[in-house]
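A.B. asks: Generate a structure from the sequence data that follows.
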Amino acid sequence: MAVKIRLKRMGKIRTPFYRIVVADSRTKRDGRVIEEIGTYNPKTEPSTIHVDSERAQYWLGVGAQPTEAVAAILKLTGDIEGGKNTLKQPEPKRDKAEAFDEALKELHAEPKKSATTKSSKPKAQEPAADEAKADEETPAAEAE
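C.D. replies: Below you'll find the predicted structure:
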């Protein structure tokens, strides 16, 4: 029986997620497998790869042939000869509780301000005051 190490596609449409599996070469792509030895998620930045190195080495040792895609992944993880572990590790995400506490402190540290909305009253009184001043100036000019 010819054994292959290949990718089994999982996930939704446009959101692929793969399992690295050991299967008979005659089975369907997503069919019955002998063993699952890892996962591969190409949608994360950087891509997430988890491989059980011990099991991968065992199956390679007993003659399982990796597909081209799996061979490239195993080279990245350093499980195939000539490959070095060159995986980029994603930066750890901030704890949501800490981020919330920091935002809360910033919110309470801001100085109190007046309301940001403008009053709905029209400013009709100010132009009327200007007109009254203009009326007062005109008679004074005529008196001269």
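A.B. asks: Where do the helices of the chain begin and end?
C.D. replies: Using DSSP state H, the helices assigned to the chain run over residues 53-61, 68-77, 96-109, 125-143.
A.B. asks: worst average pLDDT in those helices?
C.D. replies: Per-stretch mean pLDDT for the helices of the chain is lowest at helix 125-143 (a mean of 57).
A.B. asks: For Glu35, list the residues it contacts.
C.D. replies: Residues near Glu35 by CB atoms under 8 Å, 6 or more residues apart in numbering: 21-22, 55, 59. No exception for glycine: its C-beta is placed from N, CA and C like everyone else's.
A.B. asks: Bridged to it, which residues?
C.D. replies: Beta-bridge partners recorded for Glu35 (DSSP bridges): Val22.
A.B. asks: how close does it sit to Pro66?
C.D. replies: Glu35 is 14 Å from Pro66, where distance means CB to CB, to the nearest Å.
A.B. asks: Which member of the contacts of Glu35 is positioned nearest Ile73?
C.D. replies: Val21 (12.3 Å; CB to CB).
A.B. asks: Next one: the closest residue to Ser25 other than its chain neighbours, what pLDDT does it get?
C.D. replies: Distance criterion CB to CB, 6 or more residues apart in numbering; nearest residue to Ser25, sequence neighbours excluded, is Ala2 at 4.2 Å. Listed pLDDT for Ala2 reads 88.
A.B. asks: So Ala2 sits against Gln65, correct?
C.D. replies: Yes - contact criterion CB atoms under 8 Å: Ala2 and Gln65 qualify, at 7.3 Å.
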